[in-house]
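J.: Below is the sequence, then the predicted model.
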Amino acid sequence: MTVRSGLGDPGTAGLGDPGTAAPTAVLAGLGSALPPRVVTNHDLTARMDTSDEWIRTRTGIAERRIVDPGTATSDLAIEAGRRALDSAGGPDVGAVVVATATPDHPCPATGPTVAAGLGLGTVPAFDVGAVCSGFLYALATGAGLIASSVADSVLVVGADAFTTIVDPYDRNTAPIFADGAGAVVLRAGRADEPGALRRTELASDGMQADLIRVAAGGSRQRSHHSAALREDQYLTMRGGEVFKNAVLRMTEASRTVLDRTGWSTADVDLLVGHQANVRILHAVAEQLGIGQERAYVNIGHTGNTAAASIPLALDDAHGEGRLRAGDKVLLTAFGAGTTWGAITLTWPDGLQYTGMPNSAAA
Amino acid sequence: MPVTAYPGLVAFIAEKAEIPIEEIDPERTLEDLSLDSLTLIEIALFIQREYGIEVPEGDLVLSQKLAEWAAYLDERSGR
């Protein structure tokens, strides 16, 4: 049974009574940034036992972008944030939420640095940590700030200099992960207008915390007050289990959120999944019965950029003309934690495209 | 109700290997078809969705003949 009106459906709830209805978050700006240094599969073969064919067939990745020494997550986040603000047509937002697993420093959060770098004054700014699901968690957080009238507009950034926690000589992880940032501006609006975030499904399973993990650097290791082993400073991943869980969890969250939105899989104009691996994306599309032509893939030139991947994919898809006003869009992600989720939204009317990201250099 | 999963499995594998269905021989293995370890997971997900049979990791391996897979699936589906 589907509830079509009343509190169960923000699509119609309280529309006749804007005085009491909680505002809905509406997508109003979009931008992204990639660091300038390109690393091809061929470059990787020089330092590890792998091949272009092996990487392409198992991941769909041809090249990725990597930060230069000295570049931090906030540098990428500020560039993407500036583009998103430009796209929204105004420099001001009421809050900043940064999803990242690679903050500039263990303390403090990167959000305030991003807000200051964008000249946003003393707005509330903080980080959300859900690794590769981080952008969806941050989007839900930003929407919550709007719904509760804490802010009437929010800059939500997904940014990671993820290669800083990946062993550059590990053939299981180094070919996959990369760096980048993507950002959106959310503003208060109505649930029935193009660009509205519709429904959100988020979940986690901490019993799987060791599926994808960096052993050292946090309080568990630092409480010893001795140096960490080299191998403990880098990400380890149980690839096969991650693959299977990612497909099952993204499929499950997508089905749930579609059902709650009142959309069928046939209604979805574009599935924009976390760009972890092209074969995961295709398997999710297959499980859902969504044709591959409706499953967006840009991992070939970005690699897996963790929290940045969904907004980067949205920006690329928008730039390619793949998204039109009113299109029904399904976002889904799975990441370390483990965490996963899915969000439905409609594509806004007249969203400004600020150009293909090439460089994070200021 | 028991099902024979083999025809569906063959169609799925042919698509993954990008070869005509007629070229899939039960005496061949996934290795013969140049399929990789991720394909094992893709097949397990396919079997779970299509036939409701959960395939524990390690039960099916690349070096097994497709005939052995078919026997395994028939057994697991209670045939």
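T.: Nice, I can see it.

J.: Enumerate the residues of the stretch 1-150 of chain A near chain B.
T.: Counting by Cβ under 8 Å from any Cβ of the partner chain, the stretch 1-150 of chain A comes close to chain B at A:57-58. Any C-beta I mention is one placed from the backbone N, CA and C, and that applies to glycine too.

J.: Strands of the stretch 1-150 of chain A, start to end?
T.: In chain order, the stretch 1-150 of chain A shows strands spanning A:24-33, A:37-40, A:63-66, A:95-99, A:125-128, with DSSP state E, counting those that start in this stretch as the criterion.

J.: after the longest helix along chain A comes which helix or strand?
T.: Here the longest helix in chain A is taken by residue count, with DSSP state H as the criterion, and it is helix A:239-261. Beyond helix A:239-261 on the C-terminal side, the first helix or strand identified by DSSP states H and E is strand A:270-273.

J.: Off-centre distance for that following strand?
T.: Distance, stretch centre to chain centre, for strand A:270-273: 12 Å (Cα atoms, centre = their mean, to the nearest Å).

J.: and the closest residue to chain A within chain B, which of the three is it?
T.: Among the residues of chain B, B:Ile41 lies closest to chain A, at 5.2 Å counting by Cβ to the nearest Cβ. With DSSP: H, G, I helix; E, B strand; the rest coil as the basis, B:Ile41 sits in helix.

J.: for it, what are its contacts?
T.: Neighbour list for B:Ile41: A:240, A:243-244, A:247 [criterion: Cβ atoms under 8 Å, 6 or more residues apart in numbering or on different chains].

J.: What pLDDT is listed against it?
T.: With respect to pLDDT, B:Ile41 has a value of 92.

J.: Likewise for B:Phe12?
T.: You'll see B:Phe12 listed with a pLDDT of 88.

J.: what's near enough to touch the nearest residue to it once chain neighbours are set aside?
T.: Taking Cβ to Cβ, 6 or more residues apart in numbering or on different chains, and ignoring the residues beside it in sequence, B:Phe12 has B:Phe46 as its nearest neighbour in space, at 5.1 Å. Applying Cβ under 8 Å, 6+ apart to B:Phe46 gives the contacts A:286, B:9, B:12.

J.: Confirm that B:Phe46 sits in a helix.
T.: Yes - under three-state DSSP, B:Phe46 falls within a helix.

J.: how much space is there between it and A:Ile299?
T.: With distances defined as Cβ to Cβ, to the nearest Å, the gap from B:Phe46 to A:Ile299 amounts to 22 Å.

J.: same question, A:His318
T.: Spatial separation of A:His318 from A:Ile299 under the definition Cβ to Cβ is 17 Å.

J.: out of the strands of the stretch 1-150 of chain A, nearest to A:Gly262?
T.: Comparing the strands of the stretch 1-150 of chain A by their distance to A:Gly262 (Cβ to Cβ), the top pick is strand A:24-33, with 15.4 Å.

J.: circling back to that earlier point, would you mark the buried spots in the longest helix of chain A?
T.: A:239, A:241-254, A:257-258, A:260-261 (16 or more other Cβ atoms under 10 Å in any protein chain shown).

J.: ok, which of the residues you listed also contact chain B?
T.: When Cβ under 8 Å from any Cβ is applied, the members of those adjacent to chain B are A:241, A:243-244, A:247-248.

J.: tell me the contacts of residue 66?
T.: Using chain A. Going by Cβ under 8 Å, 6+ apart, A:Ile66 touches A:35, A:37, A:39, A:163, A:178-179.

J.: meant chain B, my bad for not saying
T.: B:6, B:9-10, B:13, B:24-30.

J.: how about 7 Å then?
T.: Under the criterion of Cβ atoms under 7 Å, 6 or more residues apart in numbering or on different chains, the neighbours of B:Leu66 are B:24, B:26, B:28.

J.: likewise B:Tyr6?
T.: Residues in contact with B:Tyr6 (Cβ under 7 Å, 6+ apart) are B:Ala70.

J.: who has more neighbours, A:His318 and A:Ile299?
T.: Neighbour count, other Cβ atoms under 10 Å in any protein chain shown: between A:His318 and A:Ile299, A:Ile299 has more, with 27 against 20.

J.: so that one sits right up against A:His282, yeah?
T.: No - with contacts counted by Cβ atoms under 7 Å, A:Ile299 stays clear of A:His282, the gap being 11.0 Å.

J.: Three-state assignment for the residue nearest the centre of chain B, please.
T.: Centrality entry for chain B: nearest residue to the mean C-alpha point is B:Leu9, 4.8 Å, by Cα atoms, centre = their mean. Assigned by three-state DSSP, the conformation of B:Leu9 is helix.

J.: okay, now A:Pro103: neighbour count?
T.: For A:Pro103, the number of neighbouring residues by other Cβ under 10 Å comes to 21.

J.: and stretch B:13-32, how far from the chain's centre?
T.: In terms of Cα atoms, centre = their mean, the centre of stretch B:13-32 is found 10 Å from the chain centre.

J.: Test my guess that A:Thr40 contacts A:Glu63.
T.: Yes - with contact defined as Cβ under 7 Å, A:Thr40 reaches A:Glu63; the gap is 4.6 Å.

J.: correct me, but A:Gly189 touches A:Ala22?
T.: No - counting by Cβ under 7 Å, A:Gly189 does not reach A:Ala22; the two are 11.4 Å apart.
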